[in-house]
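>>> Below is the sequence, then the predicted model.
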Amino acid sequence: MMFFSKADGAKEETMRLAREYQIEAEALHRSGKYHCAESVLAILCKHFRPDLPEETVQIASGFGAGSASGCICGAVSAGTVGLGLVLREDKKKILKLTGDLHSWFKEKYGVTCCKTIRANNEKSFCPVITGEVTGKIAEMLIRH
């Protein structure tokens, strides 16, 4: 018989929720209703800032396809906006978690450049990245 501490239970719950939000964001992107950035922000708002109007998602509309230029991944850009919306005035925490997000993303994918990621993967890979970024941000927000 295994015994788990409350911390283990909290970690399992955090990971379960992060996975749930990851799946939601990926499905939303695949549905075609929203692109990567909009999907990330929609799920973060839904679960962490349900008080915000649905139109808040439009903040991320220009971030798709690397802000239409292929630069930084739209999911990462929207995740940064989401951190600001959720953490509000805690600028130190927002900057810390933004740095953590970028470091995690670079470690996982090698770059944050949308154009490079898309050149090395099928376009169908974008919903996967969208989900993974959403899940990672959810995990970070729940833990902090």
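Okay, I see it. Numbers count the residues shown, from 1 in each chain.
>>> Contacts for the helix or strand bottoming out on mean pLDDT in the chain, please.
Taking mean pLDDT, DSSP states H and E as the measure, helix 64-65 is the helix or strand of the chain with the lowest mean score, a mean of 83. Contact with helix 64-65 is made by 35-38, 74, 114, as judged by Cβ atoms under 8 Å, 6 or more residues apart in numbering. (C-beta placed from N, C-alpha, C; glycine too.)
>>> Show me which helix runs longest in this structure.
Longest helix of the chain, by residue count under DSSP state H: helix 6-31.
>>> Mean confidence (pLDDT) on it, please.
Mean pLDDT, helix 6-31: 91.
>>> which among the contacts of helix 64-65 gets closest to residue 126?
Nearest to residue 126 among the contacts of helix 64-65 is residue 36, at 5.5 Å by Cβ to Cβ.
>>> OK, contacts around residue 72?
66, 112-114.
>>> Next: residue 84.
With contacts defined as Cβ under 8 Å, 6+ apart, residue 84 is in contact with residue 94.
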